[in-house]
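Peer 1: Could you look at this predicted model? Sequence included:
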Amino acid sequence: KVGVVNRADVNISKDTRQNTIEGALITLDNDTGYITALVGGSKFSSDNQFIRATQAKLQPGSSCKPLYYSAAIDSRKFTPATMIVDAPIVFYTEDGNPYYPENFRGEWKGSVQLWYALATSMNVPSLTILKGIGFDAAINRIVALLGLSEEEAATRGFARGYPLGLGVFSARPIEMARAFTIFANGGKETTPMAIRSVEDRNGKTFLNPERDIRLEQKRKGSAIQVISPQTAFIMTDLLQNVLTTPGGSLAGTAGGLSKFTYTDEKGKKRVMPAAGKTGTTQNWADAWTVGFTPYVTTAVWFGFDQKGRSLGLDQTGATLAGVAWSNYMRIIHENLPIKQFEKPQTGLVEATVCSVTGQLLTEACGRHQTTQFFLEGTQPKVMCELHSTRNEVKVIGVERLANEHILSGEKGIDIKDNAQLKLDLSFLGKLAPESAKQKKSTNKTGSTSRKTSTSQSKSDLNDWMDEETSLDVTNQNDGEEFNFLLE
């Protein structure tokens, strides 16, 4: 009987694990790498001791896009304002097989700029970027940001194909968090650290992992800089759009920057800068959000231990992981002073460009404008040709229309003076009825009745004006200006 009960318990436990949505969360301090928070799963028990935040190898989905976008910025082939087509496109693998990517909602936006493609997580523009920089450059950058050794990288499924750009490889949540801390940390390597030191009962330190890590970082010298400070800042700026742009994956259900808006003791609103990226894998199997502030970086994942299970159509990186991420991040920043992301003093150019063409802004662009950061030398140098051309065409059209009127025999209108007209009707007082004048004269003798008789005079004048059918108004300024003034 005992054996039967034990086997039944095992089967129940197995079924529970297969149907339980698991989760993981890890927070790293951007500067030090300290692990300040860690959740390994749905609960801790004898049969659930797997720490998914540090041990699980999971497909990151679109949350990986910023990793190779950073390589695209470094290539100088792409800038935040680069125009990319979002439309049904067939990509061909190296062996000639077609690959048909689709956007998450099956929608197509036409030509968009790189910053918008990342903010709204478009697949086709992202794969166009991947094609532009090459698979090797993308893989090398992803591996470097995740902090993988060559041997470890070989086990993660990095294939030289387009699915790579949609996160079809494996990464641990702690590795994804580490990658994003590099954006927040000015491009410098961050080493996650759970234990700083170990002391015996007498207070003597016999293990000092932090000291060893700091010595290793010092030995690396300039090699500790995984990407340049300029590229790191551009990526940080791009990922802030995910929370602020309409349609951004963290701007809707997750709350966007409203989650990072606080009211101080004086009632003044203050906003903590935040940036991030969501990811949802094939068949809605995994939901990710990885994001950061100037203080910390947090990675959140939801999914199943059992492969092949689906969270459901509505459970995505934005609606599931994004909500948990933003709620958690709001709480841990409540009492922290507002801090800005550090901007490099050199090597960057800030420019306002046309949001339709990505070229330099003109007056004709109107409200179609966006301000972006560029690596020095990659900023647009051509004025917006689309709106400038449209404005020129409009002017030409008006001139041609005027010429057609003249050719048709219609007399043109030559306006010599377009100053504002003014009407002076003070002369009407001289033409007032005799009865009104007499009343006015009579009232001069009594100050107490002045107000009443003046009102009566105005009433008579108004009655007289209403009876008139026309007014003879003369131009008192030689054709330059009419003085129209009602007394």
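Peer 2: Structure's in. What do you need?
Peer 1: who's in contact with Arg211?
Peer 2: For Arg211, the contacting residues are Ser197, by CB atoms under 8 Å, 6 or more residues apart in numbering. C-beta coordinates here come from the backbone N, C-alpha and C atoms, glycine included.
Peer 1: same question, Trp108
Peer 2: By CB under 8 Å, 6+ apart, the contact set of Trp108 is 86-88, 124.
Peer 1: distance of it from Pro273?
Peer 2: Trp108 sits 32 Å away from Pro273, going by CB to CB, to the nearest Å.
Peer 1: before we move on, back to that, could the contacts of Trp108 go into TSV alongside secondary structure and pLDDT?
Peer 2: Shown next, in TSV, are these (DSSP: H, G, I helix; E, B strand; the rest coil; pLDDT from 0 to 100):
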residue	secondary structure	pLDDT
Asp86	strand	93
Ala87	coil	93
Pro88	coil	92
Val124	helix	96
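Peer 1: Would you show me how to pick out the buried ones of the residues you listed in PyMOL?
Peer 2: A single PyMOL command suffices to select whichever of these are buried according to 16 or more other CB atoms under 10 Å:
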select buried, resi 86+124
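Peer 1: Please identify which pair of the contacts of Trp108 lies farthest apart.
Peer 2: Greatest spatial distance among the contacts of Trp108 (CB to CB): Asp86 and Pro88, at 9.4 Å.
Peer 1: So in the chain, where's the weakest helix or strand by average pLDDT?
Peer 2: helix 450-467 (a mean of 45; mean pLDDT, DSSP states H and E).
Peer 1: intersection of neighbour lists for Asp86 and Pro88?
Peer 2: By CB under 8 Å, 6+ apart, the residues touching both Asp86 and Pro88 are 108, 124.
Peer 1: residues contacting Gly61?
Peer 2: 166-167, 279-281, 286, 288, 317.
Peer 1: could you redo the last one with a cut-off of 6 Å?
Peer 2: Counting by CB atoms under 6 Å, 6 or more residues apart in numbering, Gly61 touches 167, 279-281, 288.
Peer 1: Of those, just say which sits nearest to Ser222.
Peer 2: Nearest to Ser222 among those, with distances taken as CB to CB, is Gly167, at 30.4 Å.
Peer 1: Would you check that that closest one makes contact with Cys64?
Peer 2: Yes - here Gly167 reaches Cys64: they are 4.2 Å apart, a contact under CB atoms under 6 Å.
Peer 1: These two: which has the busier surroundings?
Peer 2: It is Cys64, of Gly167 and Cys64, that has more neighbours when counted by other CB atoms under 10 Å, with 28 against 24.
Peer 1: other SSEs contacting the strand or helix carrying Gly276?
Peer 2: Counting by DSSP states H and E, the element that carries Gly276 is strand 275-280. Strand 275-280 sits against helix 229-244, strand 286-292, with contacts defined as 3 or more CB pairs under 6 Å, 6 or more residues apart in numbering; DSSP states H and E.
Peer 1: Quick one: these as JSON lines, columns for mean pLDDT too.
Peer 2: Formatted as JSON lines, the helices and strands packed on strand 275-280 follow (pLDDT from 0 to 100):
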{"stretch": "helix 229-244", "mean pLDDT": "98"}
{"stretch": "strand 286-292", "mean pLDDT": "98"}
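Peer 1: so which of those comes closest to Asp31?
Peer 2: strand 286-292 (11.7 Å).
Peer 1: contact partners of the helix or strand just after the closest one?
Peer 2: Next in sequence after strand 286-292, counting helices and strands by DSSP H and E, comes strand 296-303. Contact partners of strand 296-303, identified using CB under 6 Å, 6+ apart, comprise 21, 23-30, 173, 176-177, 180-181, 184, 285-290, 320-321, 324-325.
Peer 1: strands paired with strand 296-303, and their directions?
Peer 2: strand 22-29 (antiparallel), strand 286-292 (antiparallel) (DSSP bridges).
Peer 1: Would you reformat those strands as TSV and include mean neighbour count?
Peer 2: Output for the strands paired with strand 296-303, formatted as TSV (neighbours: other CB atoms under 10 Å):
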stretch	mean neighbour count
strand 22-29	23
strand 286-292	29
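Peer 1: closest one to Ala154 among those?
Peer 2: Nearest of the strands paired with strand 296-303 to Ala154, taken as CB to CB: strand 286-292 at 22.3 Å.
Peer 1: Send me that closest one as PDB with only the CA atoms.
Peer 2: Only the C-alpha atoms of strand 286-292 are listed here, as PDB (Å, rounded to 0.1, in the frame of the first residue of the first chain):
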ATOM      1  CA  ASP A 286       8.000  31.900 -22.900                       C
ATOM      2  CA  ALA A 287       7.200  35.500 -21.800                       C
ATOM      3  CA  TRP A 288      10.200  37.800 -21.000                       C
ATOM      4  CA  THR A 289      10.900  41.400 -20.000                       C
ATOM      5  CA  VAL A 290      14.400  42.600 -19.300                       C
ATOM      6  CA  GLY A 291      14.800  46.300 -18.400                       C
ATOM      7  CA  PHE A 292      16.800  48.700 -16.300                       C
END
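Peer 1: Please convert the contacts of Trp108 to TSV, extending it with distance to Ser249.
Peer 2: Shown next, in TSV, are the contacts of Trp108 (distance: CB to CB, whole Å):
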residue	distance to Ser249
Asp86	15
Ala87	21
Pro88	22
Val124	16
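Peer 1: ok, of the contacts of Trp108, which one's closest to Phe374?
Peer 2: For those, the nearest to Phe374 is Asp86 (21.6 Å; CB to CB).
Peer 1: contacting residues for that closest one?
Peer 2: 108-109, 112, 122, 124-125.
Peer 1: all helices for the stretch 1-150 of the chain, in order.
Peer 2: 2-19, 52-55, 65-75, 114-119, 123-133, 135-146, 150-153 (DSSP state H, counting those that start in this stretch).
Peer 1: mean pLDDT lowest for which of those helices?
Peer 2: Mean pLDDT per stretch puts helix 2-19 lowest among those, at a mean of 56.
Peer 1: quick one: the residue sitting nearest the centre point of the chain from Thr155, how far?
Peer 2: Centroid-nearest residue in the chain, with CA atoms, centre = their mean: Asn241, separated by 1.3 Å. The span separating Asn241 from Thr155 equals 34 Å under the rule CB to CB.
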